[in-house]
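In: sharing a model that was predicted from the sequence below.
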Amino acid sequence: MKRWVWSLFILALLSALPLVVETQFYLHIFILTFLYASFANSWNLIGGYAGQLSLGHAAFFGIGAYACAIGSVKFGISPFIGLAIGVIIAVLVSAAIGYPCFRLRGPFYTLSTIAFAEVVRLLTLYWRDLTEGAVGILIPFKPGVANLIFSGKVPYYYIGLAMMALSTFLCYHVERSRFGYYLVAVREDEDAAEACGIRSARYKLYAAMISAAIAAVCGVFYVQYMLFIDPEGVFNLNVSIQAALMTIIGGAGTWLGPVVGAALLIPLGEFLRGWLGGAARGLHMAFYGIVLIVVVMVIPQGIVVTVKNLLKTKATRKVEEERR
Amino acid sequence: MRIRLMSCLAICAMVVSLGFVGADSLAEAAETVKIGAIYPLSGNLARLGEESYRGAELARIERNAQGGVWGKQVEYVVADAPDTNAARSEAERLITRSNMKLLLGTYSSSLAYVATEVAERNRVPFFEFGAISDPITERGFKYTFRTCAPASGFGTIAVRVIAELAAPKMGMTPKDIKLAIVYEDSLYGTTCAKYAKAEAERVGMPVVANEPYSAKTNDLSPVILKLKAANPDAVIHTAYIADAILFSRQAKELDFDVKAYVGQGGGHSMLDWAKAIGDVSGFLNVDFPQFKINKAYTPGLDEFIKLYEDTYKEPPHSGHSLVNYFGAKVMFDAMEKAGSLDADKIREAAISLDVPEGQTCTGWGVKFDPKTGQNVRALPYGLMWTKDQEQVTIYPPEAAVAEIIVPMPTWRERGQ
């Protein structure tokens, strides 16, 4: 119950924020944080709960983005339909990768996702007529709800916030559902899970498909916000790694982890670059790296789990003290 | 555990304190004119990004020594944009948080796409000094101005060098010359190749091969073997540095010779490429103005080189610094004329600038097309590498200091 109150309180606080914050740059950072938190949420489903390390989530992200961009620029389709098409393609593709891979043990899923993201990148470069290749697609700036393009940042802010809230709620729900327990069981010991009657391959596949759908939605949001898309920007291995990184730093396999991870890393990266980018070449990246190394060394289970454990030990101590 | 935690805290404190040092240094100096500068200063674009930034910085130093703009000193607020996401964030930050009323940059075309878009939406004039992709100035933006030559100029000049200089010397007409176009498949290569092809079609030069490849590849022999099979007389190659070196090395191994080989700037303009190949005499290139050029056509060039050497204690790495220097000077002139940083006044002043060719340090004139913001008096130059690993200007004739050597020496003639 308490958790609900807190969540609603934070949500209300975030909703009220654009009324106070006027500097567009800060809103921009919030929007990026919402976007990457949602993207990390999608990664968390398959990488966190099910324990299947995907390093090709950029592919699903990019498929959503490209489906929407190509649809609206080349065929004049509404971005909402583009969104639907992108989600369907991403889900089908993730099923196609997952179906064979989840039957195997070992690093096959991870390797397939990396390879697949690279294949999609090369295809977008190759299908020049459709994707404009490396030139990228510029979305003409025509604001309007029908085009899902807004001239100000506030609509993007609320859409991003809603996206993050919904995907986090989904993760929260999954964590407490039978489905979620299956996934965790598969992650911890696949043989034991199978012995209990869990069809591990099937549930991993479901998780991968839901995850791909969310990633595609994030991709659509990205392209509607940036109004420019090129293969280097969306299919880069760094995009995939970022999703995994934020989840792991925040706490993989916890519903709050990706949000905490994104809320830490996105502003950190942006501010470090702002402060140090002009002063010393590449120093901001070095510091970003140091922070990552330190976090992983000191709290390898992620922020959320560590904080939870700390609170727990405090509570037990208190109980013990009271007993005395 | 405690020691670990302490060290972690210490590092975090260090990060934060260093951050504030950076922030403080930006806050001081009140009576200056501040301009936001966006360049890729880290990541894989950093090499030429830094060189570009140096050019703009030298123009600033020089201008300040001469009294600045409106009698005030000019200051850059520098932002690092290694990729498009960062370019967007940094443009947002400079405009909405640091309150910049004027931006400059960026060297890379995809960065320019994103940064100019943010600037246009906030009604902030953006002066692009180095990015060459044509669509940057084809979107009908009111406040984007490009001082340098666009990519279409590169492909066009490459074909003209072959058609107007190489062909007559070999007793051929453009129609006899079989042309192969090779390019790395990102924005830069794709655009150059497109315009080279268009110009070749215009002059009736047959294109026998059109080969894209990824600049990240570590084997170009399939591409070279395909070219060998097509047996072209001339090659136009658009490449970054690593793939330019790789292509030349493998072409040497596979004995792929042509009568004329024209680079498109990028890797073929880098001394590192020449050093890796050794004897580069006769290799042609198209690029922004280089330093071996008819000095009567480029007054002020020697002063720039001296300023560069005095400031950075080394000779310029490439012409990127020069064009950014030129661009910044044009921008300062527009500012001076505008009298304030008001977007519409800057636009008016920029459009009213009128300098003919052959009177600036790059030889370029200044005349912005009011519809696009493109400087229509800037076209790249035809260049040729010499035995001493220097690039001499061969085209256009008014700026030339050497004559083209065709057919160029074969790999065998070059020996080791």
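Out: Yep, that arrived.
In: can we go C-alpha only for contacts and neighbour counts from here?
Out: OK.
In: unless I'm mixing things up, B:Phe283 is touching B:Asp257, no?
Out: No - the pair formed by B:Phe283 and B:Asp257 falls short of the contact definition of Cα atoms under 8 Å, at 11.4 Å.
In: more neighbours, those two?
Out: For B:Phe283 against B:Asp257, the residue with the higher neighbour count under other Cα atoms under 10 Å in any protein chain shown is B:Phe283, and the figures read 24 against 21.
In: retrieve the pLDDT associated with that one.
Out: With respect to pLDDT, B:Phe283 scores 95.
In: next: the one 10 residues further on.
Out: Confidence at B:Ile293, expressed as pLDDT, is 89.
In: again, but for B:Ala399
Out: If you check B:Ala399, the pLDDT there is 91.
In: also the one 3 residues further on?
Out: What the model reports as pLDDT for B:Ala402 is 91.
In: contacts only, for the residue nearest to it when sequence neighbours are not counted.
Out: On the basis of Cα to Cα, 6 or more residues apart in numbering or on different chains, the spatially nearest residue to B:Ala402 that is not a chain neighbour turns out to be B:Ile394, at 5.6 Å. When contacts are counted by Cα atoms under 8 Å, 6 or more residues apart in numbering or on different chains, B:Ile394 is found next to B:Tyr381, B:Gly382, B:Leu383, B:Met384, B:Ala400, B:Val401, B:Ala402, B:Glu403, B:Ile404.
In: can you flag the buried ones in those?
Out: B:Tyr381, B:Gly382, B:Leu383, B:Met384, B:Ala400, B:Val401, B:Ala402, B:Ile404 (16 or more other Cα atoms under 10 Å in any protein chain shown).
In: what comes up buried for the helix or strand harbouring B:Thr190?
Out: Using DSSP states H and E, the secondary-structure element containing B:Thr190 is helix B:187-203. By neighbour count, and taking 16+ other Cα under 10 Å as the criterion, the buried residues in helix B:187-203 are B:187-200.
In: and B:Ile35, which of the three is it?
Out: Here B:Ile35 takes the strand state, with states given by DSSP: H, G, I helix; E, B strand; the rest coil.
In: tell me what B:Val366 is bridged to.
Out: B:Val355 (DSSP bridges).
In: count of neighbours near it?
Out: One way to gauge burial is a neighbour count; for B:Val366, by other Cα under 10 Å, it gives 25.
In: for it, give me its contacts.
Out: Under the criterion of Cα under 8 Å, 6+ apart, the contact partners of B:Val366 comprise B:Thr147, B:Val330, B:Leu353, B:Asp354, B:Val355, B:Pro356, B:Glu357, B:Asn375, B:Val376, B:Arg377, B:Ala378.
In: now with 7 Å?
Out: Taking Cα atoms under 7 Å, 6 or more residues apart in numbering or on different chains as the contact definition, B:Val366 lies against B:Leu353, B:Asp354, B:Val355, B:Pro356, B:Asn375, B:Arg377.
In: just the buried ones among the residues you listed, please.
Out: When neighbours are counted using 16+ other Cα under 10 Å, the contacts of B:Val366 contain these buried positions: B:Asn375, B:Arg377.
In: which one of the contacts of B:Val366 is nearest to chain A?
Out: Lowest distance from chain A to these (Cα to the nearest Cα) belongs to B:Asn375, with 22.0 Å.
In: and the lengthiest helix in chain A, does that touch chain B?
Out: In chain A, assigned by DSSP state H, the helix with the most residues is helix A:200-226. No - between helix A:200-226 and chain B, judged by Cα under 7 Å from any Cα of the partner chain, nothing touches; the nearest distance is 7.7 Å.
In: ok so, going back, is the following helix or strand past the helix holding B:Thr190 anywhere near chain A?
Out: The element immediately downstream of helix B:187-203 (helix or strand, assigned by DSSP H and E) is strand B:207-213. No - no part of strand B:207-213 sits near chain A under the criterion Cα under 7 Å from any Cα; the closest distance found is 9.4 Å.
In: who are the packing partners of strand B:207-213?
Out: Packing partners of strand B:207-213 (3 or more Cα pairs under 7 Å, 6 or more residues apart in numbering or on different chains; DSSP states H and E): strand B:179-184, helix B:221-230.
In: again, only using 6 Å
Out: Counting contacts by 3 or more Cα pairs under 6 Å, 6 or more residues apart in numbering or on different chains; DSSP states H and E, strand B:207-213 packs against strand B:179-184.
In: now do the strand it packs on against helix B:187-203, angle only.
Out: Interaxial angle, strand B:179-184 versus helix B:187-203 (axes from the mean of the first three to the mean of the last three Cα atoms, to 10 degrees): 170 degrees.
In: which non-adjacent residue is nearest residue 59?
Out: No chain in the question, so chain A it is. Distances taken as Cα to Cα, 6+ apart put A:Ala117 closest to A:Ala59, at 4.6 Å, once the chain neighbours are dropped.
In: that was the other one, I meant chain B.
Out: Distances taken as Cα to Cα, 6+ apart put B:Tyr325 closest to B:Ala59, at 5.1 Å, once the chain neighbours are dropped.
In: quick one on the thing from earlier: buried residues, the longest helix of chain A. List them.
Out: Judged by neighbour count using 16+ other Cα under 10 Å, the buried positions of helix A:200-226 are A:200-201, A:203-226.
In: and for stretch B:327-334?
Out: Neighbour counts over stretch B:327-334 (16+ other Cα under 10 Å) mark B:Gly327, B:Ala328, B:Lys329, B:Val330, B:Met331, B:Phe332, B:Asp333, B:Ala334 as buried.
In: in strands, which of those fall?
Out: Counted as lying in strands by DSSP state E, out of the buried residues of stretch B:327-334, is not a single one.
In: circling back to that earlier point, what pLDDT is listed against the residue nearest to B:Ala59?
Out: 94.
In: now the helix or strand that contains A:Phe9, how far from the chain's geometric center?
Out: A:Phe9 is part of helix A:2-20 when elements are defined by DSSP H and E. Its chain's C-alpha centre lies 21 Å from the corresponding centre of helix A:2-20 when counted by Cα atoms, centre = their mean, to the nearest Å.
In: and the next helix or strand after that helix, does that touch chain B?
Out: Taking DSSP H and E as the definition, the helix or strand that follows helix A:2-20 towards the C-terminus is helix A:24-43. Yes - with Cα under 6 Å from any Cα of the partner chain as the criterion, chain B is reached by helix A:24-43 at A:Gln24, A:Phe25.
In: which parts of the helix or strand that contains B:Asp302 are buried?
Out: Take DSSP H and E as the rule and B:Asp302 turns out to sit in helix B:301-312. Burial within helix B:301-312, assessed by neighbour count using 16+ other Cα under 10 Å, is assigned to B:Leu301, B:Phe304, B:Ile305, B:Leu307, B:Tyr308.
In: of those, closest to chain A?
Out: Distances from chain A to the buried residues of helix B:301-312, taken as Cα to the nearest Cα, are shortest for B:Tyr308 (19.5 Å).
In: residues contacting stretch A:215-230, please?
Out: Contacts of stretch A:215-230 from elsewhere in the structure, counted by Cα atoms under 6 Å, 6 or more residues apart in numbering or on different chains, are A:Phe39, A:Ser42, A:Phe60, A:Phe61, A:Gly62, A:Gly64, A:Ala65, A:Val87, A:Gly136, A:Ile137, A:Leu138, A:Ile139.
In: most neighbours, which of these?
Out: Neighbour counts for the contacts of stretch A:215-230 peak at A:Phe39, which has 35 neighbours (criterion: other Cα under 10 Å).
In: can you tell me the closest non-neighbouring residue to it?
Out: Counting by Cα to Cα, 6+ apart, A:Phe39 lies nearest to A:Ala215, which is 5.5 Å off, once chain neighbours are set aside.
In: for A:Gly106, give me its contacts.
Out: Residues counted as contacts of A:Gly106 (Cα under 6 Å, 6+ apart): none.
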